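Visitor: With the input below, show me the fold.
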Amino acid sequence: MTELSDIRRVSGTFRPLRVLDAYCCIGGATAGYRRLGWHVTGVDIQAQPDYCGDVFHQGDAVDFIRAHGHEFDFIHASPPCQGEGAPTKGTNAARNAAIGRTYPRLITPTRAALEATGRPYVIENVAGSDVRKDLRLCGEMFGLAVIMHRYFELGHWTAPQPPHPAHRGRVRGWRHGEYHEGPYVAAYGKGGGKATTDEIRDAKRIDWSTDHFRLREALPPAYTEWIGHAHLATLTPVLEAAA
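Guide: You can find the predicted model right below:
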C-alpha cells in the first residue's frame, strides 16, 4: 500500500512530489530527497556526469528557476558558498582584492527567483552567508564522520530546529603546526591530514562518485532526507483531508 507521506494529490490522482535541485553538483541533496521516493530534477551551470537524480539540465540555475520553478512542488537551492563564508568576507578579503579574485554572490537573485514561483523552497549555505538561519544541521545529528554545519532558509513553510548534540571530539588533521586525532574528517581542501576521496565517501555516505572536489562540495544526503520528512509533516494534514 502506498503511504500518504510519500505522495501528493494532484488533479484527482496521486504522484510523487517533483523536486528541483538548483546548483545540484553531483546530487548530494538530490539523493536525500530521492530516498523519500520523490522525483528530482537537477540543474547546474557545469556538466555533472555523476549526477544521481532523475533528470539533469545544464544551465544557469536562476534562469531555470525563473522559467520552470513553478512546475515543481518543492525547490532546493545551494548557491555557491565560496563568496559567502566569513573568511572570504573578512580574513581573506584584502588578499582576494589584491589579486583580483572574486566569487559569485547568488543568494539574493536566487531568493528573488524562488519567491516569484510561490513554491515552498529551501536555500542552503554556510555560516557567514546571507541565508536566513531557519535551520542548522550538523553531521553529528546523523551519526556522520563530518561536522559540516550548514544553514537553511525556508520559504513558504516552516520546520522545528532539531536538537544539536555535542560533538564527540575534534576534526582530524593539522592545526597550527599540531596534529590532532578525532572522530571527524576534514572534507575540504587537500593535504594537512584532510580527507581522502574514500574517506569523504564514507563520511558523507555518498557512494556514486569518486570526484574528490565535487564530493567535498556535496551535502550529505541525510540532511535533505531530514528536510524532506519535515516538509512532508506540513503536507500530511492536507493529504489526509483529501484522501
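Visitor: name the element residue 228 belongs to?
Guide: Using DSSP states H and E, residue 228 falls within helix 221-242.
Visitor: Is residue 122 part of a helix or strand, or is it coil?
Guide: Here residue 122 is recorded as strand under DSSP: H, G, I helix; E, B strand; the rest coil.
Visitor: which stretches of the protein have low pLDDT?
Guide: Low-confidence segments of the chain (pLDDT under 70): 1-14, 82-103, 236-243.
Visitor: what about the strands in it?
Guide: For the chain, strands defined by DSSP state E occupy the ranges 8-10, 13-15, 18-22, 39-44, 55-58, 74-77, 121-125, 135-137, 150-155, 173-175, 178-180.
Visitor: Distance to residue 210 for the ones you listed - can I get that in a markdown table?
Guide: Bear in mind the C-beta positions are built from the backbone N, C-alpha and C, glycine included. Formatted as a markdown table, the strands of the chain follow (distance: least, C-beta to C-beta, whole Å):
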| stretch | distance to residue 210 |
| --- | --- |
| strand 8-10 | 35 |
| strand 13-15 | 34 |
| strand 18-22 | 21 |
| strand 39-44 | 18 |
| strand 55-58 | 18 |
| strand 74-77 | 24 |
| strand 121-125 | 23 |
| strand 135-137 | 25 |
| strand 150-155 | 23 |
| strand 173-175 | 21 |
| strand 178-180 | 26 |
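Visitor: Any idea which of those gets closest to residue 114?
Guide: Smallest distance to residue 114 across those (C-beta to C-beta): 4.5 Å, for strand 121-125.
Visitor: if I read this right, residue 202 contacts residue 145, doesn't it?
Guide: Yes: the criterion here is C-beta atoms under 8 Å, and residue 202 meets it with residue 145 at 6.7 Å.
Visitor: And those two? Which one has more around it.
Guide: residue 145 (23 against 16; other C-beta atoms under 10 Å).
Visitor: what's the closest non-adjacent residue to the more buried one?
Guide: Closest residue to residue 145 apart from its sequence neighbours, by C-beta to C-beta, 6 or more residues apart in numbering: residue 203 at 3.8 Å.
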